[in-house]
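Sharing a model prediction with you, sequence too.
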Amino acid sequence: MSFDKIHVNRWFIVANPTSGNRNFSKKWKLIQQLLRDKNIHFSFSITQFVKHEIELVQNAVKQGYRNFISVGGDGTLHHVVNAIMLQRYVKTSDITIAVIPLGTGNDWIKTYNIPNNIKKSIEIINQKKTILQDIGVLETADQKMTYFNNAAGLGYDAYIVNKLKKLKSFGAASYLLAGIYGLFFYKKSIFSISFDDQKIETTCLMTVIGLCKFSGGGMQFTKDVDASDEFFDITIAKNITFLDLVLNINKLYSGKIVDHKKCETYKTKEICVQPKNHKTFIQADGELIGTGKVTAKILEKAIKFVVN
Ligand SMILES: Nc1ncnc2c1ncn2[C@@H]1O[C@H](COP(=O)(O)OP(=O)(O)OP(=O)(O)O)[C@@H](O)[C@H]1O
């Protein structure tokens, strides 16, 4: 395969006009102006439909781009990451991704202290500090592969992601609203969970497979997170009740919920989770990817990200 010239110092921007719900054209003008002020060279495409990121990024890789900026929320970043991981032209660790946040939750940026602010995120891009981060790959029962850069989960969190679609106009509060809705209507399943030499069968509210620290709009479900340590941080929230969640709502945000007696945490490189009595939803980086059984494997230090 022959490439066009490699664009060493040029960024390819993928911007999602629907992220964050408001004022895209005003924000997009500001972004372009700030990038030019900083002498950051770029080309760009605006997404026209769901998952359009994949095609845009893969074409840009073929054209010789190695540096990408995701303008949007966690969903946009997730699809940019999937585009990189699914292409076979370049080693993924030779590719760099930066984020200018526009989304509702913007959970990935929180791990790296990237502020939810256009100007500051562009200053961070200009500093050019990068980290090689682990990426997870999920295989669902239909043999579909999905990559994730933040966190994946089965059960309650994925059920909430499904409800969120209708509530996003409430902004950051939409996560909490969807969570409260779920408390009333979500039915727990028995999960069979296998990793290393362990097999756990338990009633389970959710199983979280974490790379980074935050999900659900700033909540922390995983323990001792290091996104480059080559391990997943697994949390199995067992028979947690409505009352447990209400009484511990602050611990969902502080991360102390993992110390609850009904939560277990592990580090592993590969895990298989199979719901036993009904097919629960699976989410990856806040995007619904399927239902039922899932296997997750870690891909060590797979992509470079610009961090603070
Ligand atoms: N033009 C478009 N029209 C509709 N959906 C789009 C378009 N472009 C991209 N998308 C899809 O929008 C989805 C949501 O985007 P994203 O997650 O970035 O925004 P958000 O939901 O506001 O933010 P967050 O996930 O951080 O809360 C992604 O699945 C993406 O593929």
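Nice, I can see it.

ok now do the closest residue to the ligand within the stretch 201-308 of the chain, which residues does it touch?
Ranked by C-beta to the nearest ligand atom, the top residue of the stretch 201-308 of the chain for proximity to the ligand is G286, at 4.6 Å. Any C-beta I mention is one placed from the backbone N, CA and C, and that applies to glycine too. Residues near G286 by C-beta atoms under 8 Å, 6 or more residues apart in numbering: G73, D74, G75, H78, G105, D107, N150, V161, L164, S215.

how about a cut-off of 7 Å?
D74, G75, G105, V161 (C-beta atoms under 7 Å, 6 or more residues apart in numbering).

A284 now?
The neighbours of A284, taking C-beta under 7 Å, 6+ apart as the test, are H78, L138, T146, F148, A152.

sorry, back to before: out of the contacts of G286, which are close to the ligand?
When contact is defined as C-beta under 6 Å from any ligand atom, the contacts of G286 meet the ligand at D74, G75, G105.

now these in JSON lines, with pLDDT, distance to N59 and secondary structure?
Converted to JSON lines, those look like this (pLDDT from 0 to 100; distance: C-beta to C-beta, whole Å; DSSP: H, G, I helix; E, B strand; the rest coil):
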{"residue": "D74", "pLDDT": "96", "distance to N59": "23", "secondary structure": "helix"}
{"residue": "G75", "pLDDT": "95", "distance to N59": "20", "secondary structure": "helix"}
{"residue": "G105", "pLDDT": "82", "distance to N59": "28", "secondary structure": "coil"}
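
Closest to K304 out of those?
Distances from K304 to the ones next to the ligand among the contacts of G286, taken as C-beta to C-beta, are shortest for D74 (18.4 Å).

who's in contact with that closest one?
G103, G105, N106, D107, W108, N150, D285, G286.

Check the gap between the last one and K251 for me.
It stands for G286. 21 Å (C-beta to C-beta, to the nearest Å).

What of the first one?
Relative to K251, G103 is positioned 25 Å away (C-beta to C-beta).

The two: which has the busier surroundings?
Comparing G103 with K251 by other C-beta atoms under 10 Å, the one with more neighbours is G103, at 27 against 18.

Am I right that the more buried one sits in a strand?
No: under DSSP: H, G, I helix; E, B strand; the rest coil, G103 falls outside any strand and is assigned coil.

Quick check on the contacts of G286: which are buried?
For these, a burial check counting by 16 or more other C-beta atoms under 10 Å picks out D74, G75, G105, V161.

Secondary structure element holding the last one?
V161 is part of helix 156-164, with elements assigned from DSSP states H and E.

The helix or strand of the chain with the lowest mean pLDDT to helix 156-164, inter-axis angle?
Sorting the helices and strands of the chain by mean pLDDT, DSSP states H and E puts helix 173-185 at the bottom, at a mean of 81. Angle, helix 173-185 to helix 156-164, by axes from the mean of the first three to the mean of the last three C-alpha atoms, to 10 degrees: 110 degrees.

So what touches helix 173-185?
Contacts of helix 173-185 (C-beta under 7 Å, 6+ apart): 104-105, 156, 159-160, 163-164, 167-168, 170, 216-217, 242, 245.

Am I right that L245 falls within a strand?
No: looking at L245 with three-state DSSP, it is helix, so not inside a strand.

Who does the closest residue to P275 other than its chain neighbours form a beta bridge with?
In space, P275 comes closest to S189 once its chain neighbours are excluded; the distance is 4.4 Å by C-beta to C-beta, 6 or more residues apart in numbering. Beta bridges link S189 to C204 when assigned by DSSP bridges.
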